[in-house]
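Peer 1: Take a look and give me a structure for this.
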Amino acid sequence: MSILTVEERELLKKATTLMEELLETIEVMQDEELVRDLRAALKEAEEGKTRNLKELIRELGLEGKFRV
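Peer 2: Numbers count the residues shown, from 1 in each chain. You can find the predicted model right below:
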């Protein structure tokens, strides 16, 4: 016999996941250096300073180690 219904257990799992995600977000937002790095990375992406994954794998000499 269970105290919670299947639906209540599923809702509890979703609420737990949401709380964990919120805690991770708070941790990130408290790390000023990380926030600064994330903002810089987003700016670079918006400016088109990116490369595709295949190009990066080739630059790092990791061909054949990943399927892309």
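Peer 1: any idea where the helices of the protein begin and end?
Peer 2: With helices called from DSSP state H, the chain shows them at 6-30, 32-46, 53-59.
Peer 1: So for the second one, mean pLDDT?
Peer 2: Throughout helix 32-46, pLDDT has a mean value of 96.
Peer 1: That one packs against which elements?
Peer 2: The contact analysis (3 or more CB pairs under 8 Å, 6 or more residues apart in numbering; DSSP states H and E) places helix 32-46 against helix 6-30. (Glycine included, C-beta is placed from N, CA and C.)
Peer 1: Please work out the average pLDDT along stretch 7-18.
Peer 2: Mean pLDDT, stretch 7-18: 97.
Peer 1: tell me how far that stretch is from the chain's mean position?
Peer 2: With CA atoms, centre = their mean, to the nearest Å as the basis, stretch 7-18 stands 20 Å off its chain's centre.
Peer 1: about what we covered before: using a markdown table, please lay out the helices of the chain together with distance to V68 and mean neighbour count.
Peer 2: Output for these, formatted as a markdown table (distance: least, CB to CB, whole Å; neighbours: other CB atoms under 10 Å):
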| stretch | distance to V68 | mean neighbour count |
| --- | --- | --- |
| helix 6-30 | 28 | 10 |
| helix 32-46 | 19 | 10 |
| helix 53-59 | 5 | 11 |
